[in-house]
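Q: show me how the following folds:
(one chain, ligands or ions: 1)
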Amino acid sequence: MSASPKRYDVAIAGGGMVGLSLAAALAELPLEVVVIEPVAPDADEQPSFDARTTALSSGSRRVLEGIGAWPALAGRTTPIRRIHVSERGRFGTTILDAGEQGLAALGYTIENRLLGRALRERVGKFARVRLMPARVAALETGADAVRVATDTGGTVEARLAVAADGAQSAARGALGIGASIADYGQQAVIAHVDTTRFHGYTAYERFTAAGPIAVLPIAEGRSAVVWTLASEEARRVLALDDAAFLAGLQQAFGLRLGRFTRVGRRQAYPLALTTADRIVAPRAAILGNAAQSLHPVAGQGFNLALRDVAMLAELLAEGGDPGAPELLARYEDSRAPDREAVVRFTDSLVRGFGLPLGPLARVRGQGLLLFDLLRPVKREFARRTMGLAGQQPRLVRGVPLPGGRA
Ligand SMILES: Cc1cc2nc3c(=O)[nH]c(=O)nc-3n(C[C@H](O)[C@H](O)[C@H](O)COP(=O)(O)OP(=O)(O)OC[C@H]3O[C@@H](n4cnc5c(N)ncnc54)[C@H](O)[C@@H]3O)c2cc1C
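A: Next up is the predicted model:
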């Protein structure tokens, strides 16, 4: 007779940026947690902790502090002191300045690989969090637990299952939650570049007819480029040699950082807006890309997900059954306004500025010129960028979880 499966309080499908962040948030609570993830955080093929750089909001910094991951990151982040927004072929420029907002920084950049290492290190300190190297293959919801089967033949049970297994989430489907997918027909080409002019801790967001380009300040005076292009154009640009790539980027971005002199490895990510119909199911919650996968134009995906993590951890810290329907209903209700606003904000930014001949094409130049004058809009943009908008969970406000760490 086979032994009955080990029972956990929380089983997390996916140990990428969001799954591991949740595990770190729960690590100091009296909960038994298992993270089921097939790819080690430092493996080359890790899809979450890869060659990308993530722009973290100030709110995300506070969450990472609250979950104990910041000390390992602090020396490796680069502050963003200014955000410069412009549109090719038009004179409008908007500058968001940390000083103007009374802040030392609007946000921080961190290489995804370093983030993965810091989260893994943090989680590894807690015997109550188990990392299981496997892929979730099936979920079956019972009255008091979810049974999770893996591709390695293992089975565990948990009072709460969390799907954090990315945009194509198999767990989401297995939980019976549908998702709508709107393909943008674009890809984000990413690369690190050297420039002749120091970035001065400024992040650039440039809207061009072909799509938006973000150039973020990173360590050692280098910059991380996220260049969004129609899929076919992205494939062409990826295939260029370094000199031709740099020349194309230079033409699209201009001379704000002087000349682009060197480019590292390039990678492309197909872009779609994926939104799950719901973010809870009986004894289950879905988080991160599995709940909503956004266009990276405004760098909001992980920042939004960390607020989901903070709220779920806050509710779980109250004690009781982690999969109780009332807890899940509170989680869904409390996250709805932020989630809907960020999805709408990001999508309208892409459709308004990013796509050629978008519905706002005729007024977008004017809109951008006015942007600097429209203080409330600008403030809203800055607040969203910094992750300060809306009702905030405790960790986002820098308040420790009850029963958790300071
Ligand atoms: C080019 C680009 C730039 C971005 N820049 C920013 C930015 O600056 N700021 C920001 O906030 N956001 C940014 N984002 C968004 C951010 O990357 C996502 O929000 C984040 O990756 C979501 O993490 P996740 O853990 O939910 O999903 P993923 O990163 O997709 O990770 C999913 C994990 O689940 C695992 N998995 C998959 N299937 C299974 C299974 N069956 N069982 C178990 N595990 C499984 C995978 O191996 C992986 O580790 C950017 C995105 C892109 C594409």
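
Q: I'd guess residue 297 is in a helix, am I close?
A: Yes: counting by DSSP: H, G, I helix; E, B strand; the rest coil, residue 297 is located in a helix.

Q: next one: it from the ligand, what distance?
A: 9 Å (Cβ to the nearest ligand atom, to the nearest Å). For every residue, glycine as well, the C-beta is placed using N, CA and C.

Q: then residue 396?
A: Taking Cβ to the nearest ligand atom, one finds residue 396 at 13 Å from the ligand.

Q: helices and strands around the helix or strand hosting that residue, which ones?
A: In the assignment (DSSP states H and E), residue 396 maps to helix 394-397. On a contact count with 3 or more Cβ pairs under 8 Å, 6 or more residues apart in numbering; DSSP states H and E, helix 394-397 meets helix 58-66, helix 301-317.

Q: which one, of the ones you listed, ends up nearest to residue 122?
A: Residue 122 lies closest, by Cβ to Cβ, to one member of these: helix 58-66, at 9.4 Å.

Q: neighbouring contacts of that closest one?
A: Helix 58-66 is contacted by residues 21, 25, 56, 70, 73, 103, 105-108, 302-303, 306-307, 309-310, 386-388, 392, 394-401, 404-405 when judged by Cβ atoms under 8 Å, 6 or more residues apart in numbering.

Q: contacts only, for the residue of the stretch 201-350 of the chain found nearest the ligand.
A: Here the stretch 201-350 of the chain gets closest to the ligand at one residue, residue 288, 2.2 Å apart by Cβ to the nearest ligand atom. Shown in contact with residue 288 (Cβ under 8 Å, 6+ apart): 14, 16-19, 164, 166, 301-302, 305, 308.

Q: follow-up on the earlier one: how about JSON lines for the helices and strands packed on helix 394-397, with mean pLDDT, distance to residue 228 and mean neighbour count added?
A: Listed next are these as JSON lines, based on pLDDT from 0 to 100; distance: least, Cβ to Cβ, whole Å; neighbours: other Cβ atoms under 10 Å:
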{"stretch": "helix 58-66", "mean pLDDT": "93", "distance to residue 228": "22", "mean neighbour count": "25"}
{"stretch": "helix 301-317", "mean pLDDT": "96", "distance to residue 228": "14", "mean neighbour count": "26"}
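
Q: so which of the ones you listed is nearest residue 39?
A: helix 301-317 (17.7 Å).

Q: which helices and strands does the closest one pack with?
A: Partner elements for helix 301-317 (3+ Cβ pairs under 8 Å, 6+ apart): helix 17-26, strand 53-57, helix 58-66, strand 292-293, helix 325-349, helix 394-397.

Q: pLDDT of the helix holding residue 396, averaged?
A: Helix 394-397 carries an average pLDDT of 88.

Q: contacts for that helix?
A: 25, 59, 62-63, 66-67, 306-307, 309-310, 313-314, 387, 400-401.

Q: now that helix - C-alpha only, CSV.
A: Output in CSV follows, covering the C-alpha atoms of helix 394-397 (Å, rounded to 0.1, in the frame of the first residue of the first chain):
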residue,chain,number,x,y,z
ARG,A,394,1.1,46.0,4.6
LEU,A,395,4.4,44.9,3.0
VAL,A,396,4.1,47.5,0.2
ARG,A,397,3.7,50.1,2.9
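
Q: same question for that helix: list its buried residues.
A: Buried positions in helix 394-397, judged by neighbour count with 16 or more other Cβ atoms under 10 Å: 394-396.

Q: quick check: the residue of the stretch 51-200 of the chain nearest the ligand.
A: Taking Cβ to the nearest ligand atom, the stretch 51-200 of the chain has residue 166 as its residue nearest the ligand, at 3.0 Å.

Q: my guess is that residue meets residue 16, correct?
A: Yes: using Cβ atoms under 8 Å, residue 166 is in contact with residue 16, at 6.5 Å.

Q: more neighbours, those two?
A: residue 16 (27 against 22; other Cβ atoms under 10 Å).

Q: contacts only, for the more buried one.
A: 37, 46-49, 164-166, 288-289 are the contacts of residue 16 under Cβ under 8 Å, 6+ apart.

Q: please redo it, this time with the cut-off set to 6 Å
A: residue 48 (Cβ atoms under 6 Å, 6 or more residues apart in numbering).

Q: where's the residue nearest the centre of the chain relative to residue 52, distance?
A: When the chain is reduced to its mean C-alpha position, the nearest residue by Cα atoms, centre = their mean turns out to be residue 302, at 1.6 Å. For residue 302, the distance to residue 52 equals 10 Å [Cβ to Cβ, to the nearest Å].
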